[in-house]
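K.L.:
what follows is a protein structure lacking sequence information:
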């Protein structure tokens, strides 16, 4: 008889925004975005929930930098 794997799920919030959730499976932690700004990470796998959170924060920072350059012309 095989043992059932227990999944873990965590909500990731940055800058008062809910970016999405990460859910563990046998491959790691899969990110599911809940905000269009983070769709670029949707479906991505990470080694830990903390690694996914770092990727979300970095993604948001890059998004802000690109937006800032676009407004400066």
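P.N.:
Yes, it's here. Only a predicted model underlies this, so the values are computations on that prediction, with no experimental measurement involved.

K.L.:
strands paired with the lengthiest strand in the chain, and their directions?
P.N.:
For the chain, the strand with the greatest residue count under DSSP state E is strand 17-25. Strands that pair with strand 17-25, judged by DSSP bridges, come out as strand 9-14 (antiparallel), strand 28-33 (antiparallel).

K.L.:
just name the most buried of these.
P.N.:
Highest mean neighbour count of the strands paired with strand 17-25: strand 28-33, a mean of 20 (counted as mean count of other CB atoms under 10 Å). In this view, the C-beta of every residue, glycine as well, is placed from N, C-alpha and C.

K.L.:
any idea which helix or strand comes after it?
P.N.:
strand 45-46 (DSSP states H and E).

K.L.:
quick one: distance of that next one to the chain centre.
P.N.:
Averaging C-alpha positions (CA atoms, centre = their mean, to the nearest Å) puts strand 45-46 9 Å from its chain's average.

K.L.:
and that strand, which strands flank it?
P.N.:
When DSSP bridges is applied, strand 45-46 pairs with strand 28-33 (antiparallel).

K.L.:
please report phi then psi for residue 42.
P.N.:
phi -60, psi 130 (degrees, to the nearest 10).
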